[in-house]
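Enquirer: Okay, predicted coordinates and the sequence, questions at the end:
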Amino acid sequence: MKAWAKTFLENNDVKFLTHGSTRYTHALGLELDLGEQRLGTRSRKFAFLVEDLNVKAVNIESRGEFIVCGDNDILKAL
């Protein structure tokens, strides 16, 4: 996430957030159990558009897909 954020040098509006414990992901019901693959609990791919602390859009990917969480999808919601 940090590397991705660095590609937006003049960004003053977008926050790139991550967390390692998956507590937030679990609270949202977006956890993905990859224990059988020895990868532990991960997060499903998702993107939120938040404006003034109000969630304006939520895009959640189906497992193995990358269709609705791209930058163009969030830009459409603006």
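Expert: Here it is on my side, so go on.

Enquirer: what's the distance between residue 40 and residue 31?
Expert: 10 Å (C-beta to C-beta, to the nearest Å). Every residue, glycine included, has its C-beta placed from N, CA and C.

Enquirer: what helix or strand is residue 76 on?
Expert: helix 71-77 (DSSP states H and E).

Enquirer: which residues are contacting that helix?
Expert: Here helix 71-77 makes contact (C-beta atoms under 8 Å, 6 or more residues apart in numbering) with 47, 49, 56-57, 59.

Enquirer: Now, these that are in helices?
Expert: In this view, the contacts of helix 71-77 have no member that belongs to helices under DSSP state H.

Enquirer: Just the buried residues of those residues.
Expert: Neighbour counting over these (16 or more other C-beta atoms under 10 Å) leaves 47, 49, 59 as the buried ones.

Enquirer: Let me see the contact set for the residue lying farthest from the centre of the chain.
Expert: Most distant residue from the mean C-alpha position of the chain: residue 36, 23.0 Å away (C-alpha atoms, centre = their mean). For residue 36, the contact set (C-beta under 8 Å, 6+ apart) is empty.

Enquirer: which SS state does it fall under?
Expert: Following DSSP: H, G, I helix; E, B strand; the rest coil, residue 36 is assigned to helix.

Enquirer: buried residues in the helix holding residue 76?
Expert: residue 74.

Enquirer: returning to what we had before: between residue 40 and residue 31, which one's more packed in?
Expert: residue 31 (16 against 10; other C-beta atoms under 10 Å).

Enquirer: does the more buried one really touch residue 42, like I thought?
Expert: Yes - contact criterion C-beta atoms under 8 Å: residue 31 and residue 42 qualify, at 7.3 Å.

Enquirer: hey, what's in contact with both of those two?
Expert: Residues touching both residue 31 and residue 42 (C-beta under 8 Å, 6+ apart) are residue 22.
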